[in-house]
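# how would this look folded up:
(chains A and B)
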Amino acid sequence: DAGVIQSPRHEVTEMGQEVTLRCKPISGHNSLFWYRQTMMRGLELLIYFNNNVPIDDSGMPEDRFSAKMPNASFSTLKIQPSEPRDSAVYFCASSLKGGQGSWGYTFGSGTRLTVV
Amino acid sequence: AQSVTQLDSQVPVFEEAPVELRCNYSSSVSVYLFWYVQYPNQGLQLLLKYLSGSTLVKGINGFEAEFNKSQTSFHLRKPSVHISDTAEYFCAVSDLFFVGGSQGNLIFGKGTKLSVKP
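Sure, this is the predicted structure:
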C-alpha cells in the first residue's frame, strides 16, 4: 500500500486566492482526518469523516475553510479566500475503526502551505 | 473528556545517553495509548501502541513504553539514543468504547522535541 497520499507537497499562493489540498486515504480505511500544524498552536484537528460523512467540523477555524469527501478514496480541504495566517502544514490521516476502537492513524506526508 | 499531557516541550540529550519522554493522560474509560514520531519535514509515524496485555510495549528503533494505569502514565524510553532520533514525539490516547459519533478518535499531546547532541 502506498500509504496516505497528499498533494501538493508544497503550495505557495497569494492572499485572497483559493487553495485546494487533496488526500487519498489508505484503501479500506473508513475514517479520514484533516489536521493543521503550526509552531504556535501545534497539531490541531480540523475535521473528520466516518464512511465519507463529516462527523465533527468544530475544529474548522472559519467559514473560509471547507472539506469534502465525495467517495471513500478522496477528500479535499479548501480555503477560500486564503490569508497569511493560514500558512501551516496540513496533514491528512486515515484509520480503520472497528468494534474495538481505533487502531491508530496513518498520516500523509503533509502539504506545506505558504500564503503571501 | 480525555486529555493528554506531555510534561516536557523540549528534551536535549547527548548521543548514547538514555532518555525518557513523559506522558500522562486522563480518561474516565479504558484507553488505547500511542506514541508517534515526526522527523523534520515529514508526517507522523506510529512508534508503538498499547492496546492490551503486557504493560511494557516495544516499538521501532529501540523505543519502548510502559503503561501504568495507577499513575495514568505512558512514558517513552530508550536506553541509548542516536543523532537520528532527533525528532518530535507525540503521545496520544483513544477511548476504548463507542461514544456517540466519536468512536476511538485520538487525542494528541502537544509534543516533545527530542534533540540529540553529539
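# from here on, contacts and neighbour counts on C-alpha atoms
Fine.
# can you pull the contacts of residue A:21?
Neighbour list for residue A:21: A:6-8, A:76-78, A:111 [criterion: Cα atoms under 8 Å, 6 or more residues apart in numbering or on different chains].
# What of residue A:48?
A:31-34, A:54-57.
# Quick check: the nearest residue to residue A:3 once chain neighbours are set aside vs chain B, distance?
Spatial nearest neighbour of residue A:3, chain neighbours left out: residue A:26 (5.6 Å); criterion: Cα to Cα, 6 or more residues apart in numbering or on different chains. Here the criterion is Cα to the nearest Cα, to the nearest Å. By it, residue A:26 lies 14 Å from chain B.
# Go ahead and confirm residue A:26 touches residue A:92.
No: the pair residue A:26 / residue A:92 is not scored as a contact, 10.8 Å apart, by Cα atoms under 8 Å.
# who has more neighbours, these two?
residue A:92 (31 against 24; other Cα atoms under 10 Å in any protein chain shown).
# Report the separation between the more buried one and residue B:117.
As judged by Cα to Cα, to the nearest Å, residue A:92 and residue B:117 stand 32 Å apart.
# neighbours of the residue nearest to residue A:46 when sequence neighbours are not counted, just the number please.
Nearest non-adjacent residue to residue A:46, counting by Cα to Cα, 6+ apart: residue A:59, 4.1 Å away. Using other Cα under 10 Å, residue A:59 has 14 neighbouring residues.
# Tell me the spacing between residue A:59 and residue A:67.
With Cα to Cα as the criterion, residue A:59 and residue A:67 are 12 Å apart.
# Each with direction, which strands does the helix or strand residue B:107 falls within pair with?
With secondary structure defined by DSSP states H and E, residue B:107 is part of strand B:106-108. Its sheet considered, strand B:106-108 pairs with strand B:87-95 (antiparallel) by DSSP bridges.
# Pull the distance from the strand it pairs with to the chain's centre.
Centroid separation for strand B:87-95 versus its chain: 5 Å, with Cα atoms, centre = their mean, to the nearest Å.
# Now do the same for that strand: mean pLDDT, whole number.
Here strand B:87-95 scores 90 as its mean pLDDT.
# can you give me the end-to-end distance of stretch B:22-33?
Start-to-end, stretch B:22-33 (Cα to Cα) is 13 Å.
# same check, this time on stretch B:86-106
Start-to-end, stretch B:86-106 (Cα to Cα) is 24 Å.
# Stretch B:4-15 too?
End-to-end distance (Cα to Cα), stretch B:4-15: 28 Å.
# picking that back up, so for the strand holding residue B:107, mean pLDDT?
86.
# What are the contacting residues of it?
With Cα under 8 Å, 6+ apart, strand B:106-108 has contacts from A:43, A:102, A:104, B:2-4, B:90-95.
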